[in-house]
Every structure is written in C-alpha cells, then in structure tokens.
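In: Generate coordinates for the sequence data below:
(one chain, ligands or ions: 1)
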Amino acid sequence: MPRIVFMNDRLVPEDEARVSVFDHGLLYGDGVFEGLRSYSGRVFRLDAHLDRLWDSARAICLEIPLTKEAVAKAVVDTLAANKLTDGYVRLVVTRGAGSLGLDPNRTKHPQVIVIADTISLYPREYYEQGLRIVTAATQRTQSAALSPRIKSLNYLNNIMAKLEGLQAGCVEALMLNHKGEVAECTGDNIFVVRDAAGGRSGRLLTPPPDAGILEGITRNAVMELARAAGIDCRETTLVRHDLYTADECFLTGTAAEVIPVVEIDGRRIGAGVPGPVTAKLIDAFQKLVRS
Ligand code: PMP
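Out: This next block holds a predicted model:
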C-alpha cells in the first residue's frame with residue numbers, strides 16, 4: 001500500500017509528494033525538522049516537538065506557513081491516513097524553492113512535509129545486551145558556528161561522526177565539543193550513572209545544553225522520570241574519564257528510546273551489562289509513553 005504524505009495543505013500518495021530541485025532545503029540544507037513517535041495512537045510530547053520546531057525555525061528566520069494547531073492536526077491525520085497507531089513521524093519544513101544562491105529572501109513558499117512510517121532503529125538484542133560505541137574524531141559543531149540546538153536539515157556534522165562509528169563496527173558514536181567535553185551521540189543524548197556501586201543510590205548525569213547538544217525530548221522525559229523515582233539527576237560537564245569510570249551509561253532519542261551502552265572506546269562500562277538504574281528507567285519510559 002503506498003504511503004500517504006502530507007504536503008503543505010493536503011494528504012497525497014507518496015509518489016505525488018515532491019519538492020522542487022530548486023528547494024533550498026535540498027540545495028543548502030536550509031530548513032528544519034522533527035522526528036516524533038506515536039504509541040497506541042497517541043503522539044508522544046507533540047507540543048514539545050512543535051515548540052522545538054518553531055524555535056529551530058525562528059533561529060534560522062524561517063516562517064512556518066501554518067499554525068501549530070494545523071501542523072499538529074497534519075501529524076495526527078498523516079498517522080491516521082497510514083493506519084499507524086505505533087509509528088514514527090518525520091516533520092520537515094524546507095525554505096522552499098528559489099533561485100540559485102544562498103539568499104533565503106529569494107525563496108518562496110516553505111514546504112511543510114509530514115511523513116509517517118514505522119521505525120526500528122536497532123535490533124532488540126542491542127536493548128538487552130547494550131551497545132558498544134566509540135568516540136568520533138569529528139567534533140560536535142560549536143554553537144558559534146551552528147547551534148546544535150537547531151534541529152536543521154544540515155546533519156553532515158553528525159553523519160561524519162556516524163561514519164566513523166560505522167567504520168569502527170559501532171552503530172552510534174560519541175561526539176565531544178570543541179573543548180573536549182562530552183556532548184552527545186550522533187542522533188541521541190547520553191547519560192551516565194555514577195556512584196551506584198555497593199548498593200548506593202547513584203547519581204544520573206548528562207551534559208547541559210551549553211555543552212553543545214540538541215535538547216532531546218526523550219532526554220527531558222527521562223530526567224523527569226528519574227527525579228520522580230527519587231534518583232538524583234543533574235546536568236553537568238562530563239569528560240570521557242567520567243564515562244569510562246561510570247557504573248552505567250545509556251542513550252536517549254525518539255527513535256532509539258532508551259538504550260544501554262556497555263562499552264565505550266574499548267572500556268567496559270560498569271559490569272559490562274545493562275545496569276539496574278538503566279533498566280528501571282527503560283521500564284518507566286515504556287510505561288510513560290503508553291500511559
Ligand atoms: N541529539 C541529536 C543530534 C538528535 O538528532 C536527536 C534526535 N534524533 C537527539 C539528540 C535526541 O532528541 P529527541 O529525544 O528529541 O529525539
């Protein structure tokens with residue numbers, strides 16, 4: 001069955017969902033996007049995703065030609081048109097077609113596109129056994145160059161690091177910022193659990209936004225869940241040593257959800273198996289998304 005895609009103001013079959021070769025989204029990566037997920041027919045944190053999309057658009061002076069309410073309806077309608085109750089949604093706003101040359105003022109009609117499909121980022125055994133990751137030599141873009149807080153169509157920085165991970169036989173890679181501090185992975189935020197050995201309750205730590213990260217919606221949900229469960233959770237500067245010596249490590253993202261990491265740069269993390277705090281948060285997250 002062909003997929004149904006929302007384009008600007010209507011639902012169309014996927015082979016009619018087209019953008020111009022003169023669209024600056026294609027020519028220059030000029031545009032913004034979101035990745036959302038629906039569980040049991042309900043979109044998880046739709047408002048937070050729309051707020052982040054609007055913030056990304058504002059940061060690049062892109063006016064989204066629809067209201068938030070209209071885009072929210074488009075997301076829900078596209079899922080329904082594809083008969084998806086558990087689905088992944090890619091929401092894209094491009095700068096629109098224009099003449100060649102960077103000038104966004106020479107473009108017209110930003111394109112609003114909603115694609116709904118299923119997604120399975122990693123096989124189930126990765127969730128049970130945990131991921132091995134490596135640190136990429138490619139640094140996360142500095143905020144002064146292009147803020148990682150903008151979810152833009154320009155993902156080459158992340159793709160360069162992803163390639164390094166794949167070449168090392170890993171499906172994710174850790175990215176450091178220009179100061180050598182831990183930022184995030186190529187498409188996921190990172191957390192560590194420290195001081196949890198010997199029955200101690202442990203602290204959950206994750207880099208702050210000014211480390212140069214995309215402020216993940218899954219990340220924020222996991223921080224709320226940890227605090228609700230009485231786990232001390234803080235945003236703090238982390239370096240690789242803090243990761244290597246952690247008791248547990250996991251990644252968060254809309255597509256990946258919450259996934260354990262058991263090895264970084266050849267160092268076994270904690271006991272080398274997914275830890276109890278990670279397991280508790282995976283469980284709490286699965287309950288939250290279906291609540
Ligand atoms: N960091 C980057 C670079 C991302 O692209 C993403 C989204 N895939 C995340 C973190 C996680 O964000 P979210 O939880 O909102 O999906």
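In: Looks like residue 222 contacts residue 257 (just checking).
Out: No: with contact defined as CB atoms under 8 Å, residue 222 and residue 257 do not form a contacting pair (9.6 Å). In this view, the C-beta of every residue, glycine as well, is placed from N, C-alpha and C.
In: Common neighbours of those two, please.
Out: Overlap of the contact sets of residue 222 and residue 257 (by CB atoms under 8 Å, 6 or more residues apart in numbering) consists of residue 285.
In: So the two - more neighbours on which side?
Out: residue 222 (26 against 22; other CB atoms under 10 Å).
In: Return the residues in contact with that one.
Out: Applying CB under 8 Å, 6+ apart to residue 222 gives the contacts 191, 252, 258, 281, 285.
In: Just the pLDDT at it, thanks.
Out: pLDDT recorded at residue 222 is 98.
In: Which of the three states applies to it?
Out: helix (DSSP: H, G, I helix; E, B strand; the rest coil).
In: same deal with the one 3 residues further on?
Out: Following three-state DSSP, residue 225 is assigned to helix.
In: ditto for residue 78
Out: What three-state DSSP gives for residue 78 is helix.
In: Can you pull the residues of this protein lying near the ligand?
Out: Residues of the chain found near the ligand, taking CB under 6 Å from any ligand atom as the criterion, are 35, 158, 184, 187-189, 214, 216-219, 252-255.
In: Can you give me the neighbour number for residue 193?
Out: 26.
In: repeat for residue 50
Out: Taking other CB under 10 Å as the neighbour definition, residue 50 ends up with a count of 21.
In: hang on, isn't it packed against residue 69?
Out: No: Residue 50 lies out of contact with residue 69 (CB under 8 Å); the separation is 9.2 Å.
In: domain ranges for the protein?
Out: Taking automatic domain parsing as the reference, the chain has its domains at 4-117, 124-290.
In: how about residue 148, what does it touch?
Out: By CB under 8 Å, 6+ apart, residue 148 lies in contact with 140-141, 183-184, 212-214.
In: What of residue 167?
Out: Here residue 167 is in contact with no residue (CB under 8 Å, 6+ apart).
In: For it, report the pLDDT, please.
Out: The predicted local confidence for residue 167 is 98.
In: How much space separates residue 257 from residue 285?
Out: 6 Å (CB to CB, to the nearest Å).
In: again, but for residue 14
Out: From residue 14 across to residue 285, the span is 31 Å (CB to CB).
In: And those two? Which one has more around it.
Out: When residue 14 is set against residue 285 and neighbours are counted by other CB under 10 Å, the residue ahead is residue 285, at 18 against 13.
In: Could you verify that the more buried one is part of a strand?
Out: No: counting by three-state DSSP, residue 285 is not part of a strand but helix.
In: Does it touch residue 221 like I think?
Out: Yes: with contacts counted by CB under 8 Å, residue 285 reaches residue 221, the gap being 6.8 Å.
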